[in-house]
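The following block contains a protein sequence and its predicted model.
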Amino acid sequence: MITLRGNAQIEVAFGAVFGDLGAVALDEVDGELSVSVAGDVDTSMPGTYQLTYTATDSDGNTATATRDVVVLEDEDLTSSVAMPANPAVASFFDGRLCEADYWSDEPEILSAGLGFSDIIGVVAPAMTEEVALAAGGAWSGDVDCGTDQGNYTSTTTQDQVGQGYIMRTPYGPLKDGALGIDGLPIVFSWPVVSDSIDLEDFQVTMNTGDIVRPLAVSTFPNFECNERNTLPIFGEFGNRLPSDDPDTRYPAIVSIVGDLFLVGPGGTEMNARGLTWENEASPYDENNGPRFVGAKLNRIDGPMEGEGVEGPAGAFFPPNDAWALYGEEAEFMVRTLSTGGVSPNGTSGVTPDDFERFFRLHATGEDGSLVIIDQVGVDYAVRGGTLRVLGLSDLGQREDVNPYDACYDEDLDNYIDIILAGDEAAARSLTHVEVPSLEGGYDAFYNPGGPGRTPFEGVTYTEPGPADLEPVIIALDDPMRVSYDPESDDVPDEGVMTLDVDGVQREFLLTVPESYSDEVAVPLLFNLHQLQGTAQEQLSDSQFDVVAEREGFIVVTPQAVMDVWTVTGFPLGGGADDFAFITALIDELSATYTIDSERIYATGMSQGGFLAFDLACSFGATFAAIAPVSGVMTPPMTTACAPGRRIPVLQTHGTADDQIDYEASQTAVQWWVDFNGASATPEINELSDPFPDNGTTVDRFVYAGGETGVDVEHLRINGGGHVWPGSEGDSDIQMAEEIWSFLSRYDLNGRIGD
């Protein structure tokens, strides 16, 4: 029997990236059978397409099922997209980052689930208690906070959303007679470059198989330029049924399908296209409300950069960080990152004195035992000294400005900071942030779909969040923060240096990791730019500065005279003695830094890759291993090449390279396979494909068994052009990571440890 996942008819947004959820076939004897699919769907042409699913068991019995895929009309023909109507919020989309937090070494989506249904962007002239009830929202009717409706309800009008969101209008027919649309916060591990945000960047595949696009998106309420990890998107994303109800509707897959950029360690800019998140539950399931996905410990050295908002909006969004609330008494903060804007009930704000209501901290005691920190103002003895909780911040203003009562005005973003004072060694003993959530007298967090203080009878609200235990990242040595200015083309933290070589002032960039100590010898990597390229471009494209900082090696990125290297047998040359330049750099850097002379490597792009081969041929006693990218060997180079020792080689090339034929890479690889005495038959592995829509895949060829443990490897980028992988957006491999993983296995004696 073939069972379709979701409906036998699904709707797909015009221009969507179609990803079929497929079908399931179960057989009493064979179990689950593989299912083939026939038929095509062209999302650029509205209409109905049919897919046919076929499964055959071991006895030859065949079953089929069909699914109609309806590609909807182009929304651009019937609606319009507008930037926020309020000019004061222009900074929300300025692309800047100011010491913004990142939460992992690699970009990823940390969460992306339905937050709540029907209560956002209600088409109504004003928000009233009657409108909130009609939309299925909450209204805290037991308090009087004047005109500040945010303390009464999380239901909003279409006009309110349009003030701070990129929004498409009109919505079109809403499901089940709904008055408003649904909220879905997407939390990224790296902060977002907000001027790259577009409604077409996002795609949501429902559990039914329907594919929809959002109707609104913004950084708000995570708008401060030291935040921006979370983008709430609004649209037709679900209903209020639990996930085990046959009529439930919720997002199954959230995908980034456009050019949305993130910034991470060392200023690395990465296209998020291809990142996805999968869900199997609804926020209307029991205890499936908001939870935390990050907790990070940092020092507090003064006012946080990027706090508040510059310009006209500044009066409405003043700083609310630890320094603004606690001043010099604040020494450390544990910043927590949640899946949604959390609240005690869905409408009210969390107040700075609410630590004991929601949180506990776990720390390690002097004897290794667990210490629970659950009270404010108490000195707890832990390993390394004492710690004291002062309260919470990144909420709203101090009590003398904003009284801590039922009308407390809070920013309702995805961050809550736990503020501490005490000894640094004691702060390092922190291990977890705990949210007990309804256990032991604690309160739970709700997202904005919660019931408020006085829920309406008969309305279904989202559930409270579960008990949660989030590990604390100790970021005292590396704050794990990044700044970014989209108008700046500067290479981070590096200036141009010069060296006199035979009377010519040669230029280079130097990247030295912060961890460098002259007491420990470190590897040295030459990073060589392409023909008519620059050192700045090569360092920016390759991102070796990021890897070097983490792995503890020095990168030198030289600049060719006239932007052209002098390479054996290459028809163009800069006229300079680049061999002399390279050897002079090795001498100069070895005199200045403690360089491991047995671990000097070379990589390069295009003509820089040619030069890397040339260096291996001519300076085999100096270069331990090389990794050319889109570079090959000239015929005169292969004739003259005499390394004097076996040299590991990783060569990377695209099959669609329109400047250097892929076949030339095979000639170069074969030369080194023969020279190193490696196996003529490679082991071939297909690498994972994190960006299935970019038209490329990667295969790894390993020619093992070379003398002294030296391998030759080749990365074939199927469909790849003449470009450093990743420099123009999405990439199936992290090139710098791959190169360093290969090079770092070798020294002048061969494979390290053999």
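Sure, I can see it. Residues are numbered from 1 along each chain as shown.

Can I get stretch 653-669 as PDB, trimmed to CA atoms?
The C-alpha atoms that make up stretch 653-669 are tabulated as PDB, following Å, rounded to 0.1, in the frame of the first residue of the first chain:
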ATOM      1  CA  HIS A 653      38.700  21.900  -9.500                       C
ATOM      2  CA  GLY A 654      35.300  22.500 -11.000                       C
ATOM      3  CA  THR A 655      34.100  20.400 -13.900                       C
ATOM      4  CA  ALA A 656      32.500  23.600 -15.500                       C
ATOM      5  CA  ASP A 657      35.600  25.700 -15.200                       C
ATOM      6  CA  ASP A 658      35.500  27.900 -18.300                       C
ATOM      7  CA  GLN A 659      39.100  29.200 -17.900                       C
ATOM      8  CA  ILE A 660      41.100  26.100 -17.000                       C
ATOM      9  CA  ASP A 661      39.800  22.800 -18.400                       C
ATOM     10  CA  TYR A 662      39.000  20.200 -15.800                       C
ATOM     11  CA  GLU A 663      41.100  17.700 -17.700                       C
ATOM     12  CA  ALA A 664      44.200  19.700 -16.900                       C
ATOM     13  CA  SER A 665      43.600  19.100 -13.300                       C
ATOM     14  CA  GLN A 666      43.500  15.400 -13.900                       C
ATOM     15  CA  THR A 667      46.900  15.600 -15.600                       C
ATOM     16  CA  ALA A 668      48.400  17.400 -12.500                       C
ATOM     17  CA  VAL A 669      46.800  15.000 -10.100                       C
END
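
residues in contact with it?
By CB atoms under 8 Å, 6 or more residues apart in numbering, the residues outside stretch 653-669 that reach it are 606, 613, 628-633, 638, 649, 651, 696, 701, 703, 712, 714-723. C-beta coordinates here come from the backbone N, C-alpha and C atoms, glycine included.

Buried subset of those residues, written for ChimeraX?
Under the burial definition 16 or more other CB atoms under 10 Å, those of these that qualify are selected in ChimeraX by:
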select :606,613,628,629,630,631,632,633,638,649,651,696,701,703,712,714,715,716,717,718,720,721,722,723
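
three-state assignment of the closest residue to residue 333 other than its chain neighbours?
Distances taken as CB to CB, 6 or more residues apart in numbering put residue 417 closest to residue 333, at 4.7 Å, once the chain neighbours are dropped. Residue 417 falls in the strand class when you classify it by DSSP: H, G, I helix; E, B strand; the rest coil.

Show me the shaky parts of the stretch 201-350 of the chain.
Using pLDDT under 70 as the threshold, the predicted model of the stretch 201-350 of the chain has low-confidence ranges 310-315.

What segments of it are helices?
Taking DSSP state H, counting those that start in this stretch as the criterion, the stretch 201-350 of the chain carries its helices at 322-326.

Could you do the stretch 1-150 of the chain as well?
Ranges of helices in the stretch 1-150 of the chain, per DSSP H, counting those that start in this stretch, are 129-135.

What segments of it are strands?
If DSSP state E, counting those that start in this stretch is used as the criterion, the strands of the stretch 1-150 of the chain fall at 2-4, 9-12, 23-27, 31-33, 36-38, 47-56, 62-71, 80-82, 97-101, 109-112, 116-120.

and if you look at the stretch 601-750 of the chain?
Taking DSSP E, counting those that start in this stretch, the strands of the stretch 601-750 of the chain run over residues 623-629, 649-654, 683-686, 697-703, 712-718, 746-747, 750-751.

residues contacting residue 251?
Under the criterion of CB under 8 Å, 6+ apart, the contact list for residue 251 reads 112, 113, 114, 184, 204, 205, 206, 207, 237, 238, 279.

One more pass at 6 Å, please.
Residues near residue 251 by CB atoms under 6 Å, 6 or more residues apart in numbering: 114, 204, 237, 279.

Which one of these is nearest to residue 256?
Nearest to residue 256, judged by CB to CB, of the contacts of residue 251 is residue 204 at 10.9 Å.

That closest one contacts residue 213, doesn't it?
No: shown here, residue 204 and residue 213 do not form a contact pair, counting by CB atoms under 6 Å, at 7.4 Å.

For this protein, which residues score under the pLDDT cut-off?
The low-confidence ranges in the chain, as defined by pLDDT under 70, are 147-150, 310-315, 488-495, 573-574, 728-730.

Spatially central residue for it, please.
In the chain, the residue lying closest to the centroid (CA atoms, centre = their mean) is residue 107, at 2.5 Å.

Need phi/psi at that residue.
phi -70, psi 140 (degrees, to the nearest 10).

Distance check, it against residue 166.
Per CB to CB, to the nearest Å, residue 107 is found 22 Å from residue 166.

May I have stretch 221-235 as PDB, with CA atoms only?
As requested, C-alpha coordinates have been extracted for stretch 221-235 and formatted as PDB (Å, rounded to 0.1, in the frame of the first residue of the first chain):
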ATOM      1  CA  PRO A 221      11.800  42.900  18.000                       C
ATOM      2  CA  ASN A 222      15.500  41.800  17.700                       C
ATOM      3  CA  PHE A 223      16.300  45.000  16.000                       C
ATOM      4  CA  GLU A 224      19.300  46.400  18.000                       C
ATOM      5  CA  CYS A 225      22.500  46.000  16.000                       C
ATOM      6  CA  ASN A 226      24.100  43.900  18.700                       C
ATOM      7  CA  GLU A 227      21.200  41.300  18.300                       C
ATOM      8  CA  ARG A 228      19.600  40.200  15.000                       C
ATOM      9  CA  ASN A 229      19.900  36.400  15.400                       C
ATOM     10  CA  THR A 230      16.200  36.000  14.900                       C
ATOM     11  CA  LEU A 231      13.900  36.900  12.100                       C
ATOM     12  CA  PRO A 232      10.100  36.600  12.700                       C
ATOM     13  CA  ILE A 233       8.200  35.800   9.600                       C
ATOM     14  CA  PHE A 234       4.400  36.000   9.400                       C
ATOM     15  CA  GLY A 235       2.100  34.200   7.000                       C
END
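
Pull the residues that contact it.
Contacts with stretch 221-235, where a contact means CB under 6 Å, 6+ apart, come from 92, 96-100, 120, 181, 183-188, 191-192, 202, 212, 214-217, 219, 304, 306, 411-414.

cool, and stretch 357-365?
For stretch 357-365, with CB under 6 Å, 6+ apart as the criterion, the contacting residues are 371, 372, 373, 374, 382, 383, 429, 430, 431, 432, 434, 443.

Just list whatever residues bridge to the first one.
I take that to be residue 371. Bridge pairing for residue 371 (DSSP bridges) gives the partners residue 363.

next one: the fifth one
With DSSP bridges applied, residue 382 shows beta-bridge pairing to residue 385.

can you pull the contacts of it?
Counting by CB under 6 Å, 6+ apart, residue 382 has contacts 363, 365, 371, 426, 429.

which one in the protein is furthest away from the centre?
Among residues of the chain, the one most distant from the C-alpha centroid is residue 59; the distance is 47.4 Å, by CA atoms, centre = their mean.

Just give the nearest non-adjacent residue to it, would you?
In this structure, residue 59 finds its nearest non-sequential neighbour in residue 29, 7.8 Å apart by CB to CB, 6+ apart.

what's the answer for residue 515, then?
Nearest-residue entry for residue 515: residue 552, 5.1 Å, with adjacent residues in sequence omitted and distances by CB to CB, 6+ apart.

And that neighbour, how far from residue 604?
From residue 552 across to residue 604, the span is 22 Å (CB to CB).

Repeat that for residue 267.
22 Å.

Quick one: neighbours of residue 460, just the number.
As a burial measure, the neighbour count of residue 460 was computed by other CB atoms under 10 Å and equals 16.

give me every residue that touches the closest residue to it other than its chain neighbours.
Excluding the flanking residues, the one nearest residue 460 by CB to CB, 6+ apart is residue 240, at 4.4 Å. When contacts are counted by CB under 6 Å, 6+ apart, residue 240 is found next to 117, 284, 460.
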